[in-house]
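Student: All I have is the shape, not the residue letters:
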């Protein structure tokens, strides 16, 4: 088994559906030094679809997710509900950064296996809805949503080859 780390880049779609977020690209560029922000005294949501996961590396056995963010204050937090990007909108898990008034990583959340199992197309097209919770003033910041993928590095295309000595 091997692991690889990817992130939501919103290459297929990214939209602020509620609230007035600063430059959305900064929340999806993979760089924790940049972020998108909003005053959380208002309703705030971002929706994004697409990750930078690329081509198939083998069968996927597990996907974990975590968020690098800052909540608005000590009384609010930020969640990132991750879903399958199709008509079912199947929810797979919700990593969050709780009530912390500094940028940092939330805990990893193991995502549920989607209907029909994981594949690289589903991973590439994941959908995320970011929202704040709580009712306090302050500035919330989103810098990155990371995915840790565990996969089998076995490639059946090479199974017929044998090492000749």
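Tutor: Sure, I can see it. Please read all numbers here as calculations on a predicted model, not as lab measurements. Residues are numbered from 1 along each chain as shown.
Student: check contacts around residue 88.
Tutor: Residue 88 makes contact with residue 115 under the criterion CB atoms under 8 Å, 6 or more residues apart in numbering. Placement of C-beta: from N, CA and C, glycine included.
Student: mind listing what's buried in the lengthiest strand in the chain?
Tutor: Longest strand of the chain, by residue count under DSSP state E: strand 2-18. For strand 2-18, the neighbour count (16 or more other CB atoms under 10 Å) marks 6-10, 14, 16 as buried.
Student: What of stretch 20-32?
Tutor: Those would be 21, 24, 26-29, for stretch 20-32 by 16+ other CB under 10 Å.
Student: Kindly indicate which of those lies nearest residue 49.
Tutor: Nearest to residue 49, judged by CB to CB, of the buried residues of stretch 20-32 is residue 28 at 10.5 Å.
Student: check contacts around the closest residue to that closest one other than its chain neighbours.
Tutor: Nearest in space to residue 28, with sequence neighbours left out and distances taken as CB to CB, 6 or more residues apart in numbering, is residue 10 at 4.1 Å. Contact analysis of residue 10 by CB under 8 Å, 6+ apart lists 24-25, 28, 48-50.
Student: Wait, residue 127 touches residue 80, no?
Tutor: No: Residue 127 is beyond contact range of residue 80, at 10.6 Å (criterion: CB atoms under 8 Å).
Student: what's the pLDDT at the most centrally placed residue in the chain?
Tutor: Centroid check for the chain by CA atoms, centre = their mean gives residue 145 as the closest residue, at 3.8 Å. Note on residue 145: pLDDT of 95.
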